[in-house]
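# Take a look and give me a structure for this.
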Amino acid sequence: MNRRRPMRPDLIGRTRRGKKAHWQAWFWILAACFSARSARAQDDVAEKVKQLTEAMSRVQAQLNESQKQLEELRQQLAALQGASAPAGEQNGASDAAKLAAQVEDLRERQALQETQIAVQEQAKVESESKYPVKLSGLVLMTGFANTGNVDMAATPTIAIPGSGSSGISLRQTVLGFDARGPHVLGARSHGDLRVDFDGSLEPTVSYNGGYGAGLLRLRTAHAVLDWTRTEAFFELDRPLISPNAPSSLTAVAEPALAWSGDLWNWSPQVGVTQDFRLGGAPLLRAQAALIDVADAPYTSMLVAANATAGAAPSTGEASRWPGVESRLAVLGSQADDSTQIGVGGFFAPHHSAIGTRFDSWAGTVDYRFRLPAGMQVSGSFYRGQALGGLGGGAYKDYVYRVDPDGIGEAGTGYYYRTLDDLGGWTQWKQRISERLEFNEALGIDNVPARDLIHYAGAATAVYQNLARNRTVTGNVIYSPSSYFLFSLEYRRIESSFVNGPTAASDVIGVAAGYKF
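Purely as a prediction, here's the structure:
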């Protein structure tokens, strides 16, 4: 068994003294390191102080130089104002006169601006709700020359056999206002309204549902609640399924391709728009609305002829059900909101003046693409039935004839046929600059002749007999400033009738407008 031997007292003392010497050595090493570091820190501080002192000296020198230059300028100014030499007096007087003229010019401008502000304050439009209202408009003069006969001389849409016409009109002048309202349920509220002077006392030629009293005609109106990606509205405007319109300054009362493939008629609508973003992909827009579709011109004449008393309801109103429409579109990026492609659908029931029921429906495709070099292509296509109330169907929804035996279909005493319809349009735009653009477009609306051949009327019944309408157009629009617009336009209208030759007319139009 091993036993631990006790340590001798003299060895214990030596061990303690060795440890003490060891710690003293480490202490002096650390003290030396600290002293060296402190010395280096003091040297760094001294160097920085030296650099700051030199920088302050340079700044002071620059200040002194600037002060010297200012003093020299003061002396030169004093010399100009009070020099006794003749040349100095002339130069000083000339400079003083220039300065005085500049001051006087500034005073005149300030006075003019104050006067304009005062006038604007006195003439400011104030709404009942106290929210901002802005007036706007387009004073538009159009001149026209038609080589052949047309339905409306100043705003032609179909060609009719006969001689031409020419003239000048200001009836396409547009007036309107834009208004902003309060925030409602977290949404911005705003609205607008536009009128022109292309109305008529005859309901058979009022193409937007009879919203006219004499010359004054309601064109469009909007009331909107606008959230970030949702919009609720009621409006009088183009149908949702046909959002694009050809560009023209000579055809403002009716689009240049109206009744030639452009479903345009302004109709009352109430609906909602919802935008979606799918990750980093383009926006997806979904729209749906109820719509009250007006009768086509030919249908309106039938309604008026069969009315017993007062103003007869339209065929859509007589059905007691509104029409419905929807559209789904893929949009471009927010930086390129001009690019989009959409598909749409429309359905509306009708009860005709001769006691029959029929339905209007349509499937549509619309597009608008931005191209390089400031170019753009846009348009739409449709396939449907009874689209006269939306500017298609060759001016009619259906045709009919009297049964000599008084029986007809379902005992109505008439034979009738609801008309199929196929059409569309496209436009190519070249924007040369912010002031100058060129537009070329073509459109066609077609009702199958086989649907009309058994219902043809007299040669003078142009709406009843019209089977196909084609229009080709081109224009240049120039805006020398933000307020003035000028345009020259050419159109070729060809209208084919089921019981007669095709009629054609070349339409040359000029326009000059002032925006305010």
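# how about stretch 495-506: buried residues?
Going by neighbour count (16 or more other Cβ atoms under 10 Å), the buried part of stretch 495-506 is S495, S496, F497, V498, A503, S505. (Each C-beta comes from the backbone N, C-alpha and C, glycine too.)
# same thing with stretch 328-342?
Counting neighbours by 16+ other Cβ under 10 Å, stretch 328-342 gives A329, L331, G332, T339, Q340, G342 as buried.
# And the contacts of that stretch?
With contact meaning Cβ atoms under 8 Å, 6 or more residues apart in numbering, stretch 328-342 is reached by 243, 275, 282-287, 327, 343-344, 365-370, 376.
# so of the residues you listed, which ones are in strands?
Filtering the contacts of stretch 328-342 for membership in strands, criterion DSSP state E, returns 275, 283-287, 327, 343-344, 365-370, 376.
# Which among those count as buried?
Looks like the ones in strands among the contacts of stretch 328-342 have D275, L283, R285, Q287, R327, G344, D366, Y367, R368, R370, Q376 buried, using 16+ other Cβ under 10 Å.
# Show me which pair in the ones in strands among the contacts of stretch 328-342 is furthest apart.
A286 and Q376 (24.2 Å; Cβ to Cβ).
# ok so, going back, what's the lowest-pLDDT member of the buried residues of stretch 328-342?
Ranked by pLDDT, the buried residues of stretch 328-342 bottom out at G332, which has 82.
# ok, which stretches of the stretch 151-300 of the chain are strands?
Taking DSSP state E, counting those that start in this stretch as the criterion, the stretch 151-300 of the chain contains strands spanning 159-160, 165-169, 174-184, 187-196, 212-213, 216-226, 230-237, 267-277, 283-291.
# export those strands to CSV and tack on distance to Y490?
Formatted as CSV, those follow (distance: least, Cβ to Cβ, whole Å):
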stretch, distance to Y490
strand 159-160, 14
strand 165-169, 14
strand 174-184, 23
strand 187-196, 23
strand 212-213, 29
strand 216-226, 25
strand 230-237, 28
strand 267-277, 30
strand 283-291, 34
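# for these, which one ends up most surrounded?
Of all those, strand 159-160 has the most neighbours on average by mean count of other Cβ atoms under 10 Å, namely a mean of 22.
# And the helices in the protein?
Per DSSP state H, the chain carries helices over the ranges 9-82, 86-122, 297-305, 315-319, 449-452, 462-465.
# circling back: please convert the buried residues of stretch 328-342 to TSV, extending it with distance to W361.
As requested, these are exported to TSV (distance: Cβ to Cβ, whole Å):
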residue	distance to W361
A329	20
L331	26
G332	29
T339	28
Q340	23
G342	17
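# and of these, the nearest to R74?
G332 (61.4 Å).
# what's that closest one sitting at in phi/psi?
phi -70, psi -180 (degrees, to the nearest 10).
# Would you mind measuring from it to R370?
8 Å (Cβ to Cβ, to the nearest Å).
# Also Y414?
In terms of Cβ to Cβ, Y414 sits 50 Å off from R370.
# and L488, how many neighbours does it have?
15 (other Cβ atoms under 10 Å).
# Tell me which residues touch it, please.
L488 neighbours (Cβ under 8 Å, 6+ apart): N475, V476, G509, V510.
# go again using 7 Å as the cut-off
Residues near L488 by Cβ atoms under 7 Å, 6 or more residues apart in numbering: N475, V476, V510.
# just checking, the first one touches N439?
To tie it back to what came earlier, the one meant is N475. Yes: taking contacts as Cβ atoms under 7 Å, N475 lies within contact range of N439: 5.3 Å.
# give me the beta-bridge partners of the closest residue to S380 other than its chain neighbours?
Among residues not flanking S380 along the chain, D366 sits closest, at 3.9 Å (Cβ to Cβ, 6 or more residues apart in numbering). As for beta bridges, D366 partners with G342, S380 under DSSP bridges.
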